[in-house]
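> show me how the following folds:
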Amino acid sequence: RILPAVAIAAEQYSRIARMLAKDVAVTIEADIKNTFYPNPAVFNIVGELPGTDKADEIVMLGGHFDTWHAATGATDDNVGVAAMMEALRILKATGVKLRRTVRVGLWEGEEQGLLGSREYVAAHFASRQPLPAAPGAPAAGAAPAGGGGRGGPQGPLEFKPDYDKFSVYFNIDNGTGALRGVYLQGNDAVAPIFREWMEPFRGLGMTTLTIRNTGGTDHQSFDGVGLPGFQFIQDEIEYNALTHHTNMDTYERLQPNDVTRMATIAAGFAYLAA
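Numbering: from 1, shown residues only. Below you'll find the model as predicted:
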């Protein structure tokens with residue numbers, strides 16, 4: 001059985017702790033109202049700007065629009081969603097020629113295990129087949145399509161027709177902080193390309209490439225089936241310390257200048273990839 005849990009801000013928690021340390025009695029009163037909705041509608045949101053001579057090739061931007069229940073999820077990850085939507089608006093408003101199609105994917109169910117992006121990748125690009133069952137053992141179910149350390153052993157890939165038409169996916173999901181570079185996910189061959197693309201944004205602080213992987217978000221659904229999926233490096237601001245999965249994750253925590261720069265850089269990378 002799962003018991004209800006209540007999260008309170010550090011300021012109130014610390015006051016309670018100080019009072020208890022001085023043997024002062026503490027009384028807490030709470031008025032909690034919840035509504036449970038069984039079987040809610042689950043969906044992804046997808047939009048695109050069509051390319052020209054290479055329109056069947058796909059460049060993707062994305063972030064997840066589902067949020068932790070305690071707040072409105074401004075930094076996790078509606079800021080990423082807003083930045084990627086604005087990146088597409090920039091590309092459309094400027095009228096730049098896109099050879100490849102630029103598509104934005106706004107994902108559902110990231111907090112439950114990258115569910116929306118996994119399903120999208122499985123439907124359009126590649127999925128994992130069930131592992132053969134040992135003699136006398138029940139057949140294994142299909143493993144999730146993608147990385148992330150979930151789902152146990154994975155079987156062989158089944159490729160969809162669009163797999164070879166996929167170019168790259170870029171993700172934002174680490175809060176409101178400025179973009180500083182890209183995690184290469186072990187893909188060292190792409191480093192010279194990204195270093196050239198980052199040069200126009202050096203004045204905005206885009207200077208870092210790292211061979212390291214980063215996990216826990218939707219680029220792994222692409223990376224896990226061998227597609228180039230990348231997450232931008234960001235300033236932490238208050239993300240891990242305060243806003244991530246807490247009731248403080250509200251609009252007031254956003255940094256407007258950083259968000260504007262996010263969208264500008266994402267638009268630039270999408271344009272250069274397309």
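> send me stretch 69-89 as CSV with only the CA atoms.
Taking Å, rounded to 0.1, in the frame of the first residue of the first chain, the C-alpha atoms of stretch 69-89 are listed here in CSV:
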residue,chain,number,x,y,z
HIS,A,69,2.2,16.4,-9.9
ALA,A,70,3.3,18.8,-7.2
ALA,A,71,3.5,21.9,-9.5
THR,A,72,3.0,23.1,-13.1
GLY,A,73,6.4,21.7,-14.3
ALA,A,74,7.8,25.0,-15.6
THR,A,75,11.4,23.9,-15.6
ASP,A,76,10.6,20.2,-16.0
ASP,A,77,9.9,20.4,-18.8
ASN,A,78,7.6,23.0,-20.1
VAL,A,79,10.5,25.3,-20.6
GLY,A,80,12.0,22.8,-23.0
VAL,A,81,8.6,22.5,-24.8
ALA,A,82,8.3,26.3,-25.1
ALA,A,83,11.9,26.7,-26.4
MET,A,84,11.4,24.0,-29.1
MET,A,85,8.1,25.5,-30.2
GLU,A,86,9.7,28.9,-30.4
ALA,A,87,12.6,27.4,-32.4
LEU,A,88,10.1,26.3,-35.0
ARG,A,89,8.4,29.7,-35.0
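> what ranges do the strands span in this protein?
Secondary structure of the chain by DSSP state E: the strands cover 45-49, 54-64, 100-107, 126-128, 157-159, 166-171, 179-183, 208-210, 229-234.
> using JSON lines, lay out those strands together with mean pLDDT.
Formatted as JSON lines, those follow (pLDDT from 0 to 100):
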{"stretch": "strand 45-49", "mean pLDDT": "98"}
{"stretch": "strand 54-64", "mean pLDDT": "98"}
{"stretch": "strand 100-107", "mean pLDDT": "98"}
{"stretch": "strand 126-128", "mean pLDDT": "92"}
{"stretch": "strand 157-159", "mean pLDDT": "95"}
{"stretch": "strand 166-171", "mean pLDDT": "98"}
{"stretch": "strand 179-183", "mean pLDDT": "98"}
{"stretch": "strand 208-210", "mean pLDDT": "98"}
{"stretch": "strand 229-234", "mean pLDDT": "98"}
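> for Tyr271, find the nearest of those strands.
Checking the strands of the chain against Tyr271 by Cβ to Cβ gives strand 100-107 as the closest, at 7.9 Å. The C-beta positions use only the backbone N, C-alpha and C, and glycine is treated the same way.
> helices or strands next to that closest one in the packing?
Using 3 or more Cβ pairs under 8 Å, 6 or more residues apart in numbering; DSSP states H and E, the elements in contact with strand 100-107 are strand 45-49, strand 54-64, helix 79-94, helix 115-124, helix 256-273.
> and it with strand 54-64, angle?
Calculated by axes from the mean of the first three to the mean of the last three Cα atoms, to 10 degrees, strand 100-107 forms an angle of 20 degrees with strand 54-64.
> pairing partners for strand 100-107, with directions?
strand 45-49 (antiparallel), strand 54-64 (parallel) (DSSP bridges).
> the strands of the chain into a markdown table, with extra columns for distance to Met85?
Output for these, formatted as a markdown table (distance: least, Cβ to Cβ, whole Å):
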| stretch | distance to Met85 |
| --- | --- |
| strand 45-49 | 8 |
| strand 54-64 | 9 |
| strand 100-107 | 7 |
| strand 126-128 | 26 |
| strand 157-159 | 30 |
| strand 166-171 | 14 |
| strand 179-183 | 16 |
| strand 208-210 | 25 |
| strand 229-234 | 16 |
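> with that, I have no additional questions.
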